[in-house]
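[1] turn this into a model:
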Amino acid sequence: MKIITLLTLSLLFILQLSSAQIDSVRFTNGQLLVGEIKSMEKGVLVIETDYSDSDFEAEWKKVIWIRTQSNFMVDLEGGEEYFSNIYSINDSICKVTTPMGLVELMEPSDIVYLKPYDDKFKDRFSAFIDLSYEMTKAKNLKRFTTRSGLGYQAEKWNSNFTISSLMTSQDDAENIRRTESELNTRYVMKNWYSIVTFSTLSNSEQQLNLRFNTQLGMARYLHRTNKTYWGIVLGANRNVEKYYDSSSDRQTWEGYFTMELNLYDVEDFTLLFSSSIYGGITEQGRWRSDTKLDIKYDLPLDFYIKFGATLNYDNHPIEGVSTTDYIIQTGFGWEW
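    All right, here's what the predicted structure looks like:
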């Protein structure tokens, strides 16, 4: 009876080992970490182990040797993308295998993104939310801002949705309402990717009831490493504007150019800057610009503090409306 029990327990143990994903990583200081790699993005490796209640996070630039059991989405600095396991030959060279059976050699530092290929559906999502509220006795000023987002990462494409709003009220002044949202989907093709974007803007300061943009463009990474990426987008935009005064409504086609810069290996700081310029095609002589800056500082337990600024410019606004509008937001938030 004891022999049967022992055999049963041994079989269960073997089955558990065979079903568990075992990945190994060695660092410049010689430490070997064994567990399940959850991701590597923006220069940070996340790995889960059996002997820790929470996931380990480590700097990818300190990894010299890696071996994975299952397949990963592997992105390189040069824009190449593979779906393969990773096998280090020595402390400086590792290999991946292409679907055609070809072996590609690289250094760990060449890898800029890792994600398990067989992730569960729910694990492909990411989200964040932050809130800010201000109240002063002077003129009974009240100000409330929100920012939130949801993202999904698939094998060859990703999609992100963000929305932000501002509501301000005070005595002897009109209420201010501003809501902005954006949904974009990207399909990656080496260093190039196509992008489709739908965005909306409602802004009482510009007497804008709704601006709806539909954009189609091609983008390219000019520089992409484990510390930063810098990219540009060139495309066309369908701009539909509905104002409080319906006689001022517009429908135009525009060409647009966007530049985006992201820095994410500056201690606990992250910086994102983007600027888009729209030139009129059907309404010649008109041009607009949207510029955004986000700075985030990470706190323990996935909390953070954030500063954001947005500037909108239109050289041909409707009568009685300023050419510029801006919003500055500070807040405290949490992400997962």
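
[2] from now on I want contacts and neighbour counts done on CA atoms only, so please keep to that.
    Will do.

[3] please parse the protein into its domains.
    The chain breaks down by automatic domain parsing into domains covering 2-119, 123-335.

[4] mind putting these in a markdown table, mean neighbour count and mean pLDDT included?
    Rendered in a markdown table, the data for the domains of the chain read as follows (neighbours: other CA atoms under 10 Å; pLDDT from 0 to 100):
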| stretch | mean neighbour count | mean pLDDT |
| --- | --- | --- |
| domain 2-119 | 16 | 78 |
| domain 123-335 | 16 | 88 |
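
[5] downstream of whichever strand or helix holds L210, the next helix or strand is which one?
    Secondary structure assignment for L210, by DSSP states H and E: strand 208-224. Once the chain leaves strand 208-224, the next helix or strand it forms, by DSSP H and E, is strand 228-243.

[6] which strands and helices sit next to that following strand?
    Helices and strands touching strand 228-243, as assessed by 3 or more CA pairs under 8 Å, 6 or more residues apart in numbering; DSSP states H and E, comprise strand 208-224, strand 250-266.

[7] now do whichever helix or strand comes after the last one against strand 228-243, angle only.
    Toward the C-terminus, strand 250-266 is succeeded by strand 269-280 as the next helix or strand (DSSP H and E). Between the direction of strand 269-280 and that of strand 228-243, the angle (axes from the mean of the first three to the mean of the last three CA atoms, to 10 degrees) works out to 50 degrees.

[8] quick one: strands adjacent to strand 269-280?
    On the basis of DSSP bridges, the sheet neighbours of strand 269-280 come out as strand 250-266 (antiparallel), strand 287-298 (antiparallel).

[9] got JSON lines for the helices and strands packed on strand 228-243, with distance to Q170 too?
    Conversion of the helices and strands packed on strand 228-243 to JSON lines gives the following (distance: least, CA to CA, whole Å):
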{"stretch": "strand 208-224", "distance to Q170": "21"}
{"stretch": "strand 250-266", "distance to Q170": "31"}
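
[10] just checking, I281 touches E254?
    Yes. Counting by CA atoms under 8 Å, I281 does reach E254; the two are 5.0 Å apart.

[11] for Y243, which of the strands paired with strand 269-280 is the nearest?
    When the strands paired with strand 269-280 are ranked by distance to Y243, counting by CA to CA, first place goes to strand 250-266 at 8.6 Å.

[12] tilt between that closest one and strand 208-224?
    Calculated by the same axes, to 10 degrees, strand 250-266 forms an angle of 40 degrees with strand 208-224.

[13] use 28 as the first number from now on
    Okay, residue one is now 28; in that scheme the one you just asked about reads as strand 277-293.

[14] for strand 277-293, C-alpha coordinates in PDB please.
    As requested, the backbone C-alpha atoms of strand 277-293 are provided in PDB (Å, rounded to 0.1, in the frame of the first residue of the first chain):
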ATOM      1  CA  ARG A 277     -16.800  71.300 -41.100                       C
ATOM      2  CA  GLN A 278     -15.900  68.100 -43.000                       C
ATOM      3  CA  THR A 279     -12.400  68.000 -44.400                       C
ATOM      4  CA  TRP A 280      -9.600  65.800 -45.500                       C
ATOM      5  CA  GLU A 281      -6.100  66.300 -44.100                       C
ATOM      6  CA  GLY A 282      -2.600  64.900 -44.400                       C
ATOM      7  CA  TYR A 283      -0.900  64.300 -41.100                       C
ATOM      8  CA  PHE A 284       2.600  63.700 -39.700                       C
ATOM      9  CA  THR A 285       3.200  62.400 -36.200                       C
ATOM     10  CA  MET A 286       6.400  62.000 -34.200                       C
ATOM     11  CA  GLU A 287       6.500  60.000 -30.900                       C
ATOM     12  CA  LEU A 288       9.300  59.600 -28.400                       C
ATOM     13  CA  ASN A 289       9.200  57.300 -25.400                       C
ATOM     14  CA  LEU A 290      11.900  57.100 -22.700                       C
ATOM     15  CA  TYR A 291      11.500  54.400 -20.100                       C
ATOM     16  CA  ASP A 292      14.900  53.500 -18.600                       C
ATOM     17  CA  VAL A 293      15.500  56.600 -16.500                       C
END
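
[15] what's the closest of the helices and strands packed on strand 255-270 to K65?
    If we rank these by CA to CA, the stretch that ends up nearest is strand 277-293, at 18.7 Å.

[16] check contacts around the closest residue to G244 other than its chain neighbours.
    Excluding its sequence neighbours, the residue lying closest to G244 (CA to CA, 6 or more residues apart in numbering) is G262, at 3.9 Å. Contacts were defined as CA atoms under 8 Å, 6 or more residues apart in numbering; by that measure G262 touches 242-245, 282-284.

[17] against V223, how distant is G262?
    Between G262 and V223 the computed distance is 10 Å (CA to CA, to the nearest Å).

[18] what sits in contact with each of the two?
    In terms of CA under 8 Å, 6+ apart, G262 and V223 are both contacted by the residues 242-244.
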